[in-house]
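A.B. asks: Sequence and predicted structure are below.
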Amino acid sequence: MRFRLFGFPVHIHFTFLLVLVLLFDTGLGLVATTLWALAILVSVVLHELGHAATVRRLGGHVEGITIYALGGATYWREREIPLGGWRLFAIAASGSAVGLFAGLGLYLYARLGGLGRFGELAIESPWRVHLAAADRYGEYLVFFVGAFIWVSVVWGLVNWLPIGGLDGSKMLRAVLIRMLGPSGDLHSRIIGMIVGIAAAVWAWQRGLVLAAVLAVVFAGADLVAYRRPIMRPPSP
């Protein structure tokens, strides 16, 4: 599926359908499962729009946004202004920042009674949402909003961890390159691998096998993708 949103070309890759396959294991009904997938889609698109809008604001050119099964990617390039230092940090941080703003805003709305008494009870906190109860009682608006809040806040915060492949690693990379020069790139990837392994152990001990595997795969792929800067001889 391809469309434009706020001037940005968006492509929903067919692999996103794998989300539905994973969600069918949750024991939720068909309507709730569909809404859960839709909440993930809306949250990921919003996240990538945060990146894209920041790139545009800082003078870069956004070539497109692609939504995959395990997240999304914003493809962009520089124009006249080199996008380094704090600009790269801002681009990396902006995706989760937009999601957190939207998720916490909706959480406050729910806690103030905007979704009724059931919404107040079902959405205890951004990370404690009773989706099964909302499905059982047919409270599908509460279900969708609660799922969106959980994805945007919990996944948004996780995405700021300095694990290779996540935005937190790119944020750390921008800081370390600023402080250490080109070697900061390799340092950030090594730190990302260490944090990724620690996160994998934590997830494995709690039975989150898929999360553990993904933490190692993302961090490992980020480290393997490292390319040593080419040292050019000085001009005569």
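C.D. replies: Nice, thanks for sending it over.

A.B. asks: what does the worst-scoring helix or strand of the chain on mean pLDDT rub up against?
C.D. replies: Scoring the helices and strands of the chain by mean pLDDT, DSSP states H and E places helix 18-23 at the bottom, with a mean of 75. Identification of contacts with helix 18-23 by C-beta atoms under 8 Å, 6 or more residues apart in numbering yields 33-34, 36-37, 40-41, 69. Where C-beta positions appear, they are placed from N, C-alpha and C, glycine not excepted.

A.B. asks: Can you point out the buried residues in whichever helix or strand comes after that helix?
C.D. replies: Sequence-wise, the next helix or strand downstream of helix 18-23 (DSSP states H and E) is helix 30-57. The neighbour-count check on helix 30-57 (16 or more other C-beta atoms under 10 Å) flags 32-33, 35-37, 39-55 as buried.

A.B. asks: cool, stretch 181-193 as well?
C.D. replies: 184-186, 188-189, 191-193.

A.B. asks: of those, closest to Asn159?
C.D. replies: Nearest to Asn159 out of these is Gly192 (C-beta to C-beta; 12.6 Å).

A.B. asks: Next one, pLDDT for the closest one please.
C.D. replies: Note for Gly192: predicted pLDDT of 90.

A.B. asks: what about it, which helix or strand?
C.D. replies: helix 183-205.

A.B. asks: And Gly64, by the same measure?
C.D. replies: strand 61-68.

A.B. asks: again with Tyr75
C.D. replies: Using DSSP H and E, Tyr75 sits in strand 71-77.

A.B. asks: Okay, now the sheet partners of that strand, with direction.
C.D. replies: The sheet places strand 71-77 alongside strand 61-68 (antiparallel), with pairing taken from DSSP bridges.

A.B. asks: quick check: angle from the partner strand to helix 30-57?
C.D. replies: Going by axes from the mean of the first three to the mean of the last three C-alpha atoms, to 10 degrees, strand 61-68 is angled at 160 degrees with respect to helix 30-57.

A.B. asks: Going by neighbour count, list what's buried in stretch 12-26.
C.D. replies: Within stretch 12-26, the residues that count as buried by 16+ other C-beta under 10 Å are 12, 16, 19, 23.

A.B. asks: Please report how far Tyr137 lies from Ala32.
C.D. replies: Distance of Tyr137 to Ala32, computed by C-beta to C-beta, to the nearest Å: 11 Å.

A.B. asks: Ignore what I typed, I meant Trp127.
C.D. replies: Distance from Trp127 to Ala32, counting by C-beta to C-beta: 19 Å.

A.B. asks: Would you mind measuring the gap between the ends of stretch 78-87?
C.D. replies: 11 Å (C-alpha to C-alpha, to the nearest Å).

A.B. asks: Show me what the mean pLDDT comes to for that stretch.
C.D. replies: Mean predicted confidence for stretch 78-87 is 83.

A.B. asks: what's in contact with it?
C.D. replies: In contact with stretch 78-87 (C-beta under 8 Å, 6+ apart) are residues 55, 58-61, 91, 174, 177-178.

A.B. asks: Report the buried members of these.
C.D. replies: Buried, going by 16+ other C-beta under 10 Å: 55, 58, 60, 91, 174, 177, out of the contacts of stretch 78-87.

A.B. asks: isn't the third one right next to Trp76, touching?
C.D. replies: Yes: with the criterion set as C-beta atoms under 8 Å, Gly60 and Trp76 qualify as a contacting pair; they are 5.0 Å apart.

A.B. asks: returning to that earlier point: now the angle between helix 30-57 and the next helix or strand after the strand holding Tyr75, please.
C.D. replies: For strand 71-77, the following helix or strand on the C-terminal side (DSSP H and E) is helix 86-111. Using the same axes, to 10 degrees, the direction of helix 86-111 lies 140 degrees away from that of helix 30-57.
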